[in-house]
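In: quick one, fold the following:
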Amino acid sequence: MTGTWWNVLGSTFYLSEAENSSLRGRYQTAVEAAAGEAGPDGLAPVIGIRHSGREPTFSMSTVWAGGSITSWVGQCLMQEDGNQVLKTMWLLRSPVASLEEDWKSTRVGQDTFYRIAKDVLSNDELQSLKP
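Out: Numbering: from 1, shown residues only. Below is the predicted model of the structure:
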């Protein structure tokens with residue numbers, strides 16, 4: 001799963017596999033529910049875990065500058081042409097001011113990410129991503 005992955009909305013995962021089946025990287029969002037929720041550059045660290053194998057399942061999460069958290073659960077699948085895709089379901093939880101506003105706090109969706117490069121983050125870049 002190491003590499004750069006993008007979706008049709010223009011968001012990008014930069015991922016590296018680390019020790020013990022863990023994943024580290026960055027997520028660059030191209031979309032926001034409200035301006036500034038993802039921070040000034042829309043970039044956030046990602047941590048996760050994956051299963052082993054040719055088409056592993058995985059889970060990854062990030063926390064945004066505005067206090068929201070996004071988690072993705074999915075599987076890295078091989079297409080007939082030999083290219084890999086990440087098929088994901090995502091959950092975005094945004095903070096609310098009260099229990100009465102809880103109804104609007106969670107969004108759910110699905111997405112497909114396509115590998116655009118098999119590059120690896122350097123050790124210095126990985127160290128800077130530790131939560």
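In: need the distance between the two termini of stretch 49-66.
Out: End-to-end distance of stretch 49-66 (C-alpha to C-alpha, to the nearest Å): 24 Å.
In: just the strands in the chain please.
Out: Using DSSP state E, the strands of the chain run over residues 3-6, 12-17, 22-28, 43-50, 57-63, 69-78, 84-93, 106-117.
In: then the shortest one to PDB, C-alphas only?
Out: Coordinates of each C-alpha in strand 3-6 appear next as PDB, following Å, rounded to 0.1, in the frame of the first residue of the first chain:
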ATOM      1  CA  GLY A   3       2.600   5.000  -2.500                       C
ATOM      2  CA  THR A   4       0.500   8.000  -3.600                       C
ATOM      3  CA  TRP A   5      -3.200   7.400  -4.100                       C
ATOM      4  CA  TRP A   6      -5.800   9.900  -5.400                       C
END
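In: can you list contacts of that strand?
Out: Contacting residues not belonging to strand 3-6 are listed as 12-15, 86, 113-120 [C-beta atoms under 8 Å, 6 or more residues apart in numbering]. Where C-beta positions appear, they are placed from N, C-alpha and C, glycine not excepted.
In: for the third one, same thing?
Out: Taking contacts as C-beta under 8 Å, 6+ apart, the residues outside strand 22-28 that touch it are 1, 11-18, 41-50, 58, 60, 62, 70, 121, 126, 129-130.
In: buried subset of these?
Out: Buried members of these, scored by 16 or more other C-beta atoms under 10 Å, are 1, 11-18, 42-44, 46-48, 50, 58, 60, 62, 70, 121, 129.
In: residue farthest from the centroid of the protein?
Out: Most distant from the centre of the chain: E100, at 29.1 Å, with distances by C-alpha atoms, centre = their mean.
In: min pLDDT across the contacts of strand 3-6, which one?
Out: Across the contacts of strand 3-6, the member with the lowest pLDDT is V120, scoring 54.
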